[in-house]
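>>> sequence unknown, structure follows:
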Ligand SMILES: *Cc1c(COP(=O)(O)O)cnc(C)c1O
């Protein structure tokens, strides 16, 4: 029981060490990813992983909750203050489960839900056909205009009038523009639907005041905790006082058993971090970096969906370059630049072989990279795209990526990647 990981399971220790080295020696541009602080990581790896705490503070089904009640109450209070929400539930194990809980709180099996279609930037859990959510509910999808990148609110309202959804879901996984949650909320009110706003990607921008908050305009707001919010992996729900009881019951006992208290303690730490001028500066830099990265890519001849970005995320339309998204993302990975291939709104290509590349700036901004480094990254991406079949050049770009990474250290945790930059 007391043998250190390094001695007890050297194989796993070595893998974790290698992953730490990889995360350090790689330009990570996947927009849903980040680096947590040392403080958040410490709480994630705490003794609270040993504790069962089914129920809520003050109403648990197990004893020994002297500490867990305090931990969860602090997380809830910090989230309530930061998001200005009436009620918060911090127990969802992930963003997808938080959404499922939200649906089950206000809709019954067979009811209609309406969200943004996956190939148009929506999330699987918003009722897309391969998701269980589309089997439990009758799912209707709206789209975004492929040319302008904007929502056609008249069209969306017509669709809602036609299908009478119980819930209208707003929010996206691959959308580079601001979303007008207020107008969506008004549509939901007019058609008698609940408005669930999923801000998984942008919650860090919302708390920093850089994106309209849906909290005043939505009945329920869901978010992940590990994207721009920069906390541990998990989900969170916010709602009006009227729905507090229904949301809590939907999470536990509706969908989950015991909450992951170690994650909740780490979330509390992340929320403390997010409630600071440093975090606001971080979020501003995320957006500045994305602007410069997008403008430089366009100067280099890349076409971007909607012609740019207002947030942390950029969707590169590769159709004009004639390179499949997967081929470019794999070549970039060999060049130590992590991205993910993605569908482009209006492109009929299948999600498994799409013509888009999704990138974003939350993780590189956490490392301290700024506008100057974004220009370098755009050049590196361009070099790989223009030499997609030349492994020598791809390897050369890999060395340049490594050099850039070596100047921007990442927060180090208990497994130290000794040989991080040994390839320089
Ligand atoms: C990432 C994401 C989720 C899912 O979060 P998981 O924690 O991976 O389950 C849900 N909704 C949106 C909009 C997302 O971007």
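Done, it's in. Everything numeric in this text was worked out from a predicted model, so none of it was measured. Numbers count the residues shown, from 1 in each chain.

>>> got phi/psi on the residue in the stretch 251-400 of the chain that the ligand sits nearest to?
Going by C-beta to the nearest ligand atom, the ligand is nearest to residue 313 of the stretch 251-400 of the chain, at 9.9 Å. Placement of C-beta: from N, CA and C, glycine included. Reported as degrees, to the nearest 10, the phi and psi values for residue 313 are phi -120, psi 140.

>>> that one contacts residue 290, doesn't it?
Yes - if you go by C-beta atoms under 8 Å, residue 313 and residue 290 touch, sitting 6.9 Å apart.

>>> identify the contacts common to these two.
176, 360 (C-beta atoms under 8 Å, 6 or more residues apart in numbering).

>>> picking that back up, got a list of what the residue of the stretch 251-400 of the chain closest to the ligand touches?
Neighbours of residue 313 in contact, by C-beta under 8 Å, 6+ apart: 31, 174, 175, 176, 201, 290, 358, 359, 360.

>>> filter those residues down to the ones near the ligand?
residue 201 (C-beta under 6 Å from any ligand atom).

>>> can I get the contacts of residue 313 in TSV with distance to residue 93, neighbour count and secondary structure?
Below are these laid out as TSV (distance: C-beta to C-beta, whole Å; neighbours: other C-beta atoms under 10 Å; DSSP: H, G, I helix; E, B strand; the rest coil):
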residue	distance to residue 93	neighbour count	secondary structure
31	22	29	coil
174	23	26	coil
175	25	25	coil
176	28	25	coil
201	18	28	coil
290	29	26	helix
358	24	26	strand
359	27	31	strand
360	24	31	strand
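
>>> tell me which residues touch the nearest residue to residue 146 once chain neighbours are set aside, please.
Leaving out its chain neighbours, the residue that sits closest to residue 146 by C-beta to C-beta, 6 or more residues apart in numbering is residue 346, at 2.7 Å. Applying C-beta under 8 Å, 6+ apart, we find residue 346 in contact with 120, 146, 147.

>>> grab the nearest non-local neighbour of the last one.
Put plainly, it is residue 147. residue 346 is the one closest to residue 147 (C-beta to C-beta, 6+ apart), at 7.7 Å.

>>> most neighbours out of the contacts of residue 346, which is it?
residue 120 (21 neighbours; other C-beta atoms under 10 Å).

>>> pLDDT on the helix or strand hosting residue 188, on average?
Following DSSP states H and E, one finds residue 188 within helix 181-191. Helix 181-191 shows a mean pLDDT of 98.

>>> next, the buried residues of it.
By neighbour count on 16 or more other C-beta atoms under 10 Å, the buried set for helix 181-191 is 181, 184, 185, 187, 188, 191.

>>> pretty sure residue 116 is touching residue 174, no?
No - using C-beta under 8 Å as the test, residue 116 is too far from residue 174 to be in contact (9.5 Å).

>>> what mean pLDDT does stretch 128-135 have?
92.

>>> make that stretch 27-45, sorry
The model assigns stretch 27-45 a mean pLDDT of 97.

>>> now do the buried residues in that stretch.
27-37, 40-41, 43-44.

>>> so where is the stretch 51-200 of the chain shaky, pLDDT-wise?
Applying pLDDT under 70 to the stretch 51-200 of the chain picks out no residues at all.

>>> nearest to the ligand: which residue in it?
Counting by C-beta to the nearest ligand atom, the stretch 51-200 of the chain gets nearest the ligand through residue 95, at 2.5 Å.

>>> which residue, other than its chain neighbours, is closest to that residue?
Closest to residue 95 by C-beta to C-beta, 6+ apart is residue 224, at 3.7 Å.

>>> any idea how far the ligand is from the one you found?
4 Å (C-beta to the nearest ligand atom, to the nearest Å).

>>> what's the span of stretch 33-53, first residue to last?
28 Å (C-alpha to C-alpha, to the nearest Å).

>>> anything in that stretch sitting right up against the ligand?
No - counting by C-beta under 6 Å from any ligand atom, the ligand is not contacted by stretch 33-53; separation bottoms out at 10.1 Å.

>>> over to stretch 144-159?
No - residues of stretch 144-159 are not located near the ligand by C-beta under 6 Å from any ligand atom, the shortest gap being 13.8 Å.

>>> dump the buried residues of helix 181-191 to JSON lines, plus distance to residue 158.
Shown next, in JSON lines, are the buried residues of helix 181-191 (distance: C-beta to C-beta, whole Å):
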{"residue": "181", "distance to residue 158": "19"}
{"residue": "184", "distance to residue 158": "14"}
{"residue": "185", "distance to residue 158": "17"}
{"residue": "187", "distance to residue 158": "10"}
{"residue": "188", "distance to residue 158": "14"}
{"residue": "191", "distance to residue 158": "10"}
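
>>> list the contacts of residue 12.
residue 5.

>>> surely it is in a helix?
Yes - looking at residue 12 with DSSP: H, G, I helix; E, B strand; the rest coil, it is inside a helix.
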